[in-house]
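Enquirer: Next come a sequence and a model predicted from it.
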Amino acid sequence: MKYVLMIGLDESNVSEEIARHGCGGWSEEMTRRGVVRGGLGLRPAAEATTVRVRDGDVLLTDGPFAETKDQIGGLSVIECSGLEEAVEIASKHPVARYGSIEIRPLLDL
């Protein structure tokens, strides 16, 4: 089963150490286990552009989609046996200690 792990955090509380050192070995461990299928970090939500189409008009908004302090800072795609293993993998991610990891199954297209 494939899942996306959406890494959620309060961007104002991201320590310089985490910014410099990334996932603290989590990516390497999960790669060794053979569960990581891809991933990426995202630039700050303040650099986002949101697109909406209403009545045929394209509307652009600078900044994040949602006005909230917690934002998605990155994504990891994993493949594992099921939700129980996905929870175990997500719980080992360093951001789980001060942010959140949303686990969402991917559609099998």
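Expert: Happy to help now that I have it.

Enquirer: Return the host helix or strand of Ile103 as CSV; C-alpha atoms alone will do.
Expert: For Ile103, the element it lies in under DSSP states H and E is strand 100-105. Provided in CSV are the C-alpha atoms of strand 100-105 (Å, rounded to 0.1, in the frame of the first residue of the first chain):
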residue,chain,number,x,y,z
SER,A,100,2.3,16.6,12.8
ILE,A,101,2.4,13.9,10.1
GLU,A,102,-0.8,13.3,8.2
ILE,A,103,-0.9,9.9,6.6
ARG,A,104,-3.0,9.6,3.5
PRO,A,105,-3.4,6.6,1.2
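
Enquirer: Name the residues of that strand that are buried.
Expert: For strand 100-105, the neighbour count (16 or more other Cβ atoms under 10 Å) marks Ile101 as buried. Quick note: C-beta positions are derived from backbone N, CA and C, even for glycine.

Enquirer: which residues are contacting that strand?
Expert: With contacts defined as Cβ atoms under 8 Å, 6 or more residues apart in numbering, strand 100-105 is touched by 1-9, 70, 83, 86-87, 90-91, 93, 95.

Enquirer: what separates Pro94 from Asp57, distance-wise?
Expert: According to Cβ to Cβ, to the nearest Å, Pro94 stands 42 Å off from Asp57.

Enquirer: before we move on, what SS does Glu29 have?
Expert: The three-state label given to Glu29 by DSSP: H, G, I helix; E, B strand; the rest coil is helix.
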